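Enquirer: need a 3D model of the sequence below.
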Amino acid sequence: MKCALVTGGARGIGRVICKKLAVELGYHVLINYQRNEQAATETLATLNDEGATGEIIKFDVGNATEVNDALQTWSEHHPEAVMEVIVNNAGVTRDGLFMWMSREDWSSVLDVSLQGFYNVTHFFIQKLLHQRYGRIINIVSVSGVKGTAGQVNYSAAKAGVVGATKALAQEIAKRNITVNAVAPGFIRSDMTEGMDEKELKKIIPANRFGEAEEVADLVCFLASKKAGYITGEVININGGIYA
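Expert: Just a heads-up that it's a prediction; the model follows:
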């Protein structure tokens, strides 16, 4: 059984990524969630409706003990499973000017994006190296590439994952494992729901927000065998707002 894991897979971009990996690439998809079990169950239902398979798995990516316990238990129950694709998609924002940013708002954002990348990827890295095949795809952000005022914590967290992507790619390329980052700009999702789309699209050369499907298509390509010679890359998908 060939598997893919998508952290933060219950909603938004994560949900569409789960569906694409299951339906288009035929993976048994682990849909990770932290709180919203109903949304995760709905995501699983969309996979099943398409004749694909998956399951939901609960853990907080930023909590090393939770990650290890959940994934260890899953691994023991599925000894035949081969984890091939890891999509580190989970992320949170706690926006505000740096001078007023609390230590908690700083730490919580880094814990999910940066520590979460370590916790999840590190659990599977030995297995990927042993099987000599894998795809690690990190969902970062235009904020992590160019920096965004009011998002010093989020920009720092995503920039950290960008650096980790480039370094890890060099360490494990010989084992046929690719590591890439996808950096979305303004994408219609839960995270951009409260934004003034009409006003913001004026600063986007493509004159629109992106769709979750467009991000998921890119992730799906990077997760496929077609992308075997692409590694260590940060691919912007932002309608031209930053290149």
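Enquirer: chain center to the strand or helix carrying Glu104: distance?
Expert: Under the criterion of DSSP states H and E, Glu104 resides in helix 103-110. Computed by CA atoms, centre = their mean, to the nearest Å, the chain-centroid distance of helix 103-110 equals 19 Å.
Enquirer: buried ones in it?
Expert: Asp105, Trp106, Ser108, Val109, Leu110 (16 or more other CB atoms under 10 Å). No exception for glycine: its C-beta is placed from N, CA and C like everyone else's.
Enquirer: quick one: list the elements packing against it.
Expert: helix 152-172 (3 or more CB pairs under 8 Å, 6 or more residues apart in numbering; DSSP states H and E).
Enquirer: average pLDDT for the helix it packs on?
Expert: Across helix 152-172, pLDDT averages out at 98.
Enquirer: stretch 131-146 now?
Expert: On average, stretch 131-146 scores 97.
Enquirer: could I get the CA-only coordinates of it as PDB?
Expert: Output of stretch 131-146 as PDB, limited to C-alpha atoms (Å, rounded to 0.1, in the frame of the first residue of the first chain):
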ATOM      1  CA  GLN A 131      13.400   2.500   0.400                       C
ATOM      2  CA  ARG A 132      15.400   4.800  -1.800                       C
ATOM      3  CA  TYR A 133      12.400   6.800  -3.000                       C
ATOM      4  CA  GLY A 134      10.300   9.700  -1.700                       C
ATOM      5  CA  ARG A 135       8.800  13.100  -2.300                       C
ATOM      6  CA  ILE A 136       8.800  15.700   0.400                       C
ATOM      7  CA  ILE A 137       6.800  18.800  -0.400                       C
ATOM      8  CA  ASN A 138       6.700  21.800   1.900                       C
ATOM      9  CA  ILE A 139       4.000  24.400   1.600                       C
ATOM     10  CA  VAL A 140       5.600  27.700   2.400                       C
ATOM     11  CA  SER A 141       4.400  31.200   1.400                       C
ATOM     12  CA  VAL A 142       5.300  34.300  -0.500                       C
ATOM     13  CA  SER A 143       5.800  35.700   3.000                       C
ATOM     14  CA  GLY A 144       8.700  33.300   3.600                       C
ATOM     15  CA  VAL A 145      10.400  34.400   0.300                       C
ATOM     16  CA  LYS A 146      10.000  38.200   0.300                       C
END
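Enquirer: got the contact list for the lowest-mean-pLDDT helix or strand in the chain?
Expert: Among the helices and strands of the chain, helix 197-200 carries the lowest confidence by mean pLDDT, DSSP states H and E, at a mean of 79. With CB atoms under 8 Å, 6 or more residues apart in numbering as the contact definition, helix 197-200 has outside contacts at Phe186, Arg188, Phe209.
Enquirer: again, only using 7 Å
Expert: Residues from elsewhere that reach helix 197-200 (CB atoms under 7 Å, 6 or more residues apart in numbering): Phe186, Phe209.
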